[in-house]
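[1] Please work out how this folds:
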Amino acid sequence: MRKVIPIACLLLSVSAGAQDEFDELEMEMFFAPAETVTSATRHAQPLELSPSAVTVLTREDIEASGARTLPEALRQVPNMDIGLVSPLWYEVGVRGDTSMNSDTMLLLVDGRDVTMELFGFPSWTTNSFSMDDVERIEVIRGPGSALYGANAYAGVVHVITREPGTGPRAQASLRGGEQGFFETTGRASLALEPLAVSASFGYQNTDFWTDRDNRAGEILRGRLDAKLDLGDDLQLRVDAGASSSSGRFFTYVGPVELNELMVAYGRVRFHYKDLMVQALYDRMNMEADVDLGLNYLGLEIGRLPLLVGSVDKTVLQVNHGLELPFNRLAYGAEHIFNHYHSKVFIDPDHYEHRFGVFLQDEVDLAAIIDRLFEAGAPPLFLTVGLRFDIDYMTDSTLSELSPRASIVCKPFEGQSLRFGYAHAFFKPTFFQKSLNLHLNSEFGFDSLDLRSPEVDNKTIDSVELGYSGSFFDGRLVVRMALAYTWYRNLIHFKFDADEMGYKQIGSFVIPDLSSGEGIGHYNTTYGKNGHSVDLEVIARPTERSRIFVSAGYRQVFLSHNKRYNDDEPVWSVSAGADISSAAGWEASLRAHFVDTYYRNIFNPESLLQERLESYLPASWFLNARLAWRISEKPYAASAGIEAFNLLNNRFRELVGRTVENGVDIGGEVLGRRIVVFVKGEM
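    This next block holds a predicted model:
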């Protein structure tokens, strides 16, 4: 297969030479210029020549969707898995190894990794930016560790915010309505050459007014961003932000009262031509009450105390690009240092050092062919890359090599074909490697030992064939990707009664949870493999209308047995339409459908009982937005109504039973939201 693709591209180049016979004016009217992306190679390039499958959500897309959280906006990405647990907790994945491959996506904000290192995954809602700050979102569907290292396992979501000095000088919005939802945001931007500054704030409150289902969330956020142009292609960027969150919700281990989740960061970046150097400091403080008792034979043998902890994260990163006659080199290095501190860990201080270096080469094969044979070959690019990561955590060391290779050809104007391979990994979380909790217990032990220092990275390998086509002067765009994926070294939680130590307490014999025997995490000896299909179709029938359809299909197989029958196919469809009028009206409609999918549901009453396995039936979501531009420049204002999840399927109704304190993840128990909004800018 590796030989077939480049040969096919070269054969197509012969017919491509005949394209000169077409009238150039007709070609310009028929095909559209390429959209530009930066995340797939760390520099700007046409989307159709990207070595990875990329979906771009523009400012226009985000505004029309009415999304007030990042996961809501991501629903229209093909094969994307979005699960709402609470206003503060979403699970996000793509092309999952089950159907909800939870939090195996790397989240970047302006190139900053926002992983919450204590948990090993990002917060998708409690960041320092609001959706009004976002300029565009680039989503890499498929492994991304060759560029971004740990946790770019299933893909990468890169949020790019508005530049300082761009957009309206001042902007504010107010939203409120059903289910206790209230939000206010504001942004100011000022350009004073050579300095540009922007500042924004946001406040969001969900379900505190109605207390429905005992789930609530409150987020306060703010950020500053400054850019100083020093001349001679030298630029200094300084940005800082913070968010404070609190709320209550249920999880599969029990109800949680989040008293505080504070995240703050500061960053300095230098840009000189293709060189970028950045230094980052990030701090997270958390205080949470998990109402979890450890039960055995109906007897509570231990209870988790108040979880209080913090993580200090320091990052140093250097990236550089080098233009050569027939290729472009990109290379860089980073060091991440994490200091974990908590009053509930037996050892309150843990340290982690992560080092990563990468090299990527993009070769212009068409230019080489032209130089050697004067053949007039169409665009033909080969991208190869390799990254090495090593992780030093308390009691353990992990390392990983992440290669990638891709070839992209453009046989006709507006059409491209891509074939690629990539390897990625997901590093074990702090909890899986090092967690040893103090317990409140009256039975002679004081800890729950979940440490598994020997657990290794889980890995993924994927081969992918992609197509991109643009027709009718860009009024119709079609993109498709077919991928086959292998999942290896998967991490599971185990409880083995035969390997547990036990204590005699009166007439009871209870597990000795502090022994570390028979409980913890391990890497499975089996794996999974599966295939997926992504499809995107975007049409603009008129200048004031837009229609899109995105669809995903996947099927994943266990390699060892069929106990859970997880070879059931899963497919999803998102469709939408946007239209505006000269009179100032704007209307948008979004529909999302997810077919039957597989999901683990844990018994929340005990960690020592076997988990339940279940399939969730199909789920429908319907969102609508209607807005009216009240006034135009210089003082623009608009108002309208937004409705999310009008069909309002509920998890308990879908499953057909009630799991007390269970995870409401399939039916969006908090999903329905009907609000009115008003927005002004100048």
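[2] Find the least confident helix or strand in this structure, judged by mean pLDDT.
    None of the helices or strands of the chain scores lower by mean pLDDT, DSSP states H and E than helix 24-30, at a mean of 35.
[3] who touches the next helix or strand after it?
    The helix or strand immediately downstream of helix 24-30 is strand 36-37, counting by DSSP states H and E. The contact list for strand 36-37 (CB atoms under 8 Å, 6 or more residues apart in numbering) reads 44-47, 50, 54, 56, 138. For every residue, glycine as well, the C-beta is placed using N, CA and C.
[4] how about those residues in a markdown table, adding distance to Tyr331, pLDDT and secondary structure?
    What follows is the contacts of strand 36-37, written out as a markdown table (distance: CB to CB, whole Å; pLDDT from 0 to 100; DSSP: H, G, I helix; E, B strand; the rest coil):
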| residue | distance to Tyr331 | pLDDT | secondary structure |
| --- | --- | --- | --- |
| Ala44 | 17 | 91 | coil |
| Gln45 | 17 | 91 | strand |
| Pro46 | 22 | 92 | strand |
| Leu47 | 23 | 92 | helix |
| Ser50 | 19 | 94 | coil |
| Val54 | 21 | 96 | strand |
| Val56 | 25 | 95 | strand |
| Glu138 | 21 | 97 | strand |
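[5] which among these gets closest to Leu490?
    For the contacts of strand 36-37, the closest approach to Leu490 (CB to CB) belongs to Val54, at 26.5 Å.
[6] Please enumerate the helices of this protein.
    Counting by DSSP state H, residue ranges of the helices within the chain are 4-17, 24-30, 59-65, 70-74, 145-148, 365-373, 430-434, 651-655.
[7] What's the local residue count around the residue lying closest to Arg42 once chain neighbours are set aside?
    Leaving out its chain neighbours, the residue that sits closest to Arg42 by CB to CB, 6 or more residues apart in numbering is Ala330, at 5.4 Å. Ala330 has 20 neighbouring residues, counting by other CB atoms under 10 Å.
[8] any idea how far Glu499 is from Leu297?
    Distance from Leu297 to Glu499, counting by CB to CB, to the nearest Å: 18 Å.
[9] Any idea what the nearest residue to Asp289 once chain neighbours are set aside is bridged to?
    Nearest residue to Asp289, sequence neighbours excluded (CB to CB, 6+ apart): Glu257, at 4.3 Å. Taking DSSP bridges as the rule, Glu257 bridges to Arg248, Asp289.
[10] which ones are touching Glu257?
    Counting by CB under 8 Å, 6+ apart, Glu257 has contacts 248, 288-289, 291.
[11] I'd assumed His320 was in contact with the residue nearest to Arg42.
    Yes - shown here, Ala330 and His320 form a contact pair, counting by CB atoms under 8 Å, at 7.3 Å.
[12] can you list the weak-confidence ranges in the stretch 101-250 of the chain?
    Residue ranges of the stretch 101-250 of the chain with pLDDT under 70: 101-102, 208-215, 250.
[13] what about the strands in it?
    105-109, 112-113, 115-116, 121-122, 134-141, 155-161, 170-177, 181-192, 195-206, 216-231, 234-251 (DSSP state E, counting those that start in this stretch).
[14] need those strands in CSV with distance to Gln432 and mean neighbour count, can you?
    As requested, those are exported to CSV (distance: least, CB to CB, whole Å; neighbours: other CB atoms under 10 Å):
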stretch, distance to Gln432, mean neighbour count
strand 105-109, 18, 24
strand 112-113, 19, 21
strand 115-116, 14, 22
strand 121-122, 12, 22
strand 134-141, 25, 22
strand 155-161, 21, 25
strand 170-177, 39, 17
strand 181-192, 35, 18
strand 195-206, 30, 20
strand 216-231, 26, 19
strand 234-251, 17, 19
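[15] can you redo those strands as JSON lines with distance to Arg540?
    What follows is the strands of the stretch 101-250 of the chain, written out as JSON lines (distance: least, CB to CB, whole Å):
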{"stretch": "strand 105-109", "distance to Arg540": "29"}
{"stretch": "strand 112-113", "distance to Arg540": "33"}
{"stretch": "strand 115-116", "distance to Arg540": "37"}
{"stretch": "strand 121-122", "distance to Arg540": "33"}
{"stretch": "strand 134-141", "distance to Arg540": "18"}
{"stretch": "strand 155-161", "distance to Arg540": "23"}
{"stretch": "strand 170-177", "distance to Arg540": "26"}
{"stretch": "strand 181-192", "distance to Arg540": "28"}
{"stretch": "strand 195-206", "distance to Arg540": "30"}
{"stretch": "strand 216-231", "distance to Arg540": "32"}
{"stretch": "strand 234-251", "distance to Arg540": "34"}
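[16] What lies in contact with stretch 530-547?
    53, 55, 60, 64, 78-79, 95, 97, 141, 474-485, 487, 548-557, 575-582.
[17] Could I get the buried residue list for it?
    For stretch 530-547, burial by neighbour count (16 or more other CB atoms under 10 Å) applies to 530-536, 538-540, 546.
[18] Dump those to CSV, plus pLDDT and distance to Thr126.
    Rendered in CSV, the data for the buried residues of stretch 530-547 read as follows (pLDDT from 0 to 100; distance: CB to CB, whole Å):
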residue, pLDDT, distance to Thr126
Gly530, 88, 32
His531, 91, 35
Ser532, 93, 30
Val533, 96, 33
Asp534, 95, 29
Leu535, 96, 32
Glu536, 96, 29
Ile538, 95, 31
Ala539, 95, 36
Arg540, 93, 35
Arg546, 93, 31
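[19] Adding distance to Val263, write the residues you listed out as TSV.
    TSV is the format used below for those (distance: CB to CB, whole Å):
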residue	distance to Val263
Gly530	35
His531	38
Ser532	33
Val533	37
Asp534	32
Leu535	36
Glu536	33
Ile538	35
Ala539	40
Arg540	39
Arg546	35
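[20] farthest pair in those?
    Largest pairwise distance in those, by CB to CB, is 34.0 Å, between Gly530 and Arg540.
[21] Centre of the chain to stretch 260-279, how far?
    Between the centre of stretch 260-279 and the centre of its chain there are 20 Å (CA atoms, centre = their mean, to the nearest Å).
[22] buried ones in it?
    Neighbour-count burial for stretch 260-279, counted by 16+ other CB under 10 Å, picks out 261-265, 267, 269, 271, 274, 276, 278.
[23] cool, and stretch 544-557?
    Quick answer for stretch 544-557 (16+ other CB under 10 Å): 546, 548-554, 556.
[24] what's the offset of that stretch from the middle of its chain?
    That offset, for stretch 544-557, works out to 17 Å (CA atoms, centre = their mean).
[25] re the thing from before, compare the mean pLDDT across the helices of the chain and name the weakest.
    With a mean of 35, helix 24-30 has the lowest mean pLDDT of the helices of the chain.
[26] What pLDDT is listed against Leu647?
    So, for Leu647, pLDDT stands at 69.
[27] Report the mean per-residue pLDDT for stretch 286-304.
    80.
[28] Which positions within it qualify as buried?
    286-290, 292-296, 301-302, 304.
[29] Restricting to C-alpha, output it in CSV.
    Extracted C-alpha coordinates of stretch 286-304, given in CSV (Å, rounded to 0.1, in the frame of the first residue of the first chain):
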residue,chain,number,x,y,z
MET,A,286,-8.3,21.7,44.4
GLU,A,287,-10.5,21.0,47.3
ALA,A,288,-13.2,18.3,46.9
ASP,A,289,-15.4,16.2,49.0
VAL,A,290,-16.1,12.8,47.5
ASP,A,291,-18.9,11.1,49.4
LEU,A,292,-17.4,7.6,48.9
GLY,A,293,-17.5,4.8,51.5
LEU,A,294,-15.6,1.6,50.8
ASN,A,295,-18.1,-1.2,51.5
TYR,A,296,-17.5,-4.9,51.9
LEU,A,297,-20.3,-7.4,52.6
GLY,A,298,-22.6,-4.4,53.6
LEU,A,299,-20.0,-3.0,56.0
GLU,A,300,-18.3,0.4,55.5
ILE,A,301,-14.7,-0.3,56.1
GLY,A,302,-13.3,3.1,55.1
ARG,A,303,-14.2,6.5,53.8
LEU,A,304,-12.3,9.0,51.7
